[in-house]
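Participant: Fold the following for me, if possible:
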Amino acid sequence: MDFVQYKCPCCGAALQFSPGSQKLSCESCGNQYDLETLKRYEQDEKAGGEQELNWEYQKEAEGAKKADNGMYICPSCGAEIEADENTVSTTCPYCDNVVVIRASASGEFEPDMMIPFQIKGDKARQMLENFCKGKHLLPGNFRDRSYLKNLKGYYVPYWLFDCNACADMSFDATRTRVWSDSEYDYLETSYYLVNRAGTMEFYHVPVDGSTGMDDSTTESIEPFDYAALTEFNPAYLAGYETDKYDVDSKTAEGRAKERLYRSAEQVIRSTVNGYDTVRIKRRNLAASDGKVHYALLPVWLFETVYGDKKYQFAINGQTGKMVGELPVDKGAFWKYLCGFTAIGTVVCSILGILLFGGVL
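Facilitator: Numbers count the residues shown, from 1 in each chain. Purely as a prediction, here's the structure:
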């Protein structure tokens, strides 16, 4: 004879059918379930966790084509232009127009959109200088402002992801109640299975397309104000450095999916309140209508190498938000540490004399 056993969705204990209520009851946590509820629960448990999302890419580039001899053809005057394979834009020496470089056979995209710089170079340098003021542990060359020459404006390549997301999640939750009488202390724990579902729209979730920029740095200077997005115009590139992406869109999809689902999970989790403990039991996340845009976003970047370590400091070229790490002069660090130690010793000695001098 085969036995069918159901486990409680809340606490995991075995369920028993109760003829009186015509429900399955849990003697451990006291919850009761009708058969239809348990059937839906089993179906949800068997459902997949995350759905693959197909992304629709926007317009393909119409920049300069590459000739058989390795030169690029200016789309304005037809002249041949020499350019590095990583160059995004250059100026035609014959007609002075800014030319976007693209290898037609590679399938790469000209940017769909961009945000022009709003923070000027002088202001960015002043912001960095002000940030460094009073930081006595910086290396000596920082204090004479020579480091400012390393601050440069870059249009960083980004992939922007749009989609609609549906999240269906369940949580194990508990509430506890404590009370006492004249003989005993009591602790009562109630177990709950909490279900939440919702839909949300994601607009321009950014993933930087450059291996030269650390993901934590680019995410820290967010957000950008996408209301300022404009169609790509090569004229905006004048005076700034611009390279094409070296993280392709397919690689960026993994990072985008991670950010999308993490955000969706946080939104759903924030609605589960009033419990002492909450643990994610199951999640079913799906997305649709995925679109990908290739964009250039403005960043002021400071990079330096000190003590064989690379340091990177970034300023959002639109909003001015700053993030990064600056080097520390180890000699100055130990000097200040020894100075503070000596001051601490003197203070302790004075306190000792004041407190115990009259007793000894």
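
Participant: which residues in the stretch 201-350 of the chain form helices?
Facilitator: Counting by DSSP state H, counting those that start in this stretch, the stretch 201-350 of the chain forms helices over residues 215-220, 249-269, 330-356, given from the N-terminal end onward.

Participant: In terms of mean pLDDT, which of those ranks lowest?
Facilitator: Comparing these by mean pLDDT, the weakest confidence falls on helix 330-356, with a mean of 52.

Participant: just checking, Asp215 touches Glu258?
Facilitator: No - the criterion here is Cβ atoms under 8 Å, and Asp215 misses it with Glu258 at 10.4 Å. For the C-beta atoms, the positions are set from N, CA and C on the backbone; glycine is no exception.

Participant: close enough to count as contact, Ala314 and Ile221?
Facilitator: Yes - using Cβ under 8 Å, Ala314 is in contact with Ile221, at 5.3 Å.

Participant: which residues are common contacts for those two?
Facilitator: By the contact definition Cβ atoms under 8 Å, 6 or more residues apart in numbering, Ala314 and Ile221 are jointly contacted by 299, 322-323.

Participant: Now tabulate those residues in TSV and tack on distance to Ala83, pLDDT and neighbour count.
Facilitator: As requested, those are exported to TSV (distance: Cβ to Cβ, whole Å; pLDDT from 0 to 100; neighbours: other Cβ atoms under 10 Å):
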residue	distance to Ala83	pLDDT	neighbour count
Val299	23	94	27
Met322	33	90	18
Val323	32	88	16
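
Participant: closest to Ser288 among those residues?
Facilitator: In terms of Cβ to Cβ, no member of the shared contacts of Ala314 and Ile221 lies closer to Ser288 than Val299, at 31.6 Å.

Participant: right, and that closest one touches Ala314 too?
Facilitator: Yes - in this structure Val299 lies within contact range of Ala314 using Cβ under 8 Å: 5.5 Å.

Participant: Quickly note the distance from the residue nearest to the spatial centre of the chain to Gly324.
Facilitator: With distances taken as Cα atoms, centre = their mean, Glu219 lies nearest the centre of the chain, 4.4 Å away. Glu219 sits at a distance of 13 Å from Gly324 (criterion: Cβ to Cβ, to the nearest Å).

Participant: Name the SS class of Ser25, please.
Facilitator: Under the three-state scheme (DSSP: H, G, I helix; E, B strand; the rest coil), the conformation of Ser25 reads as strand.

Participant: Alright, I will stop here.
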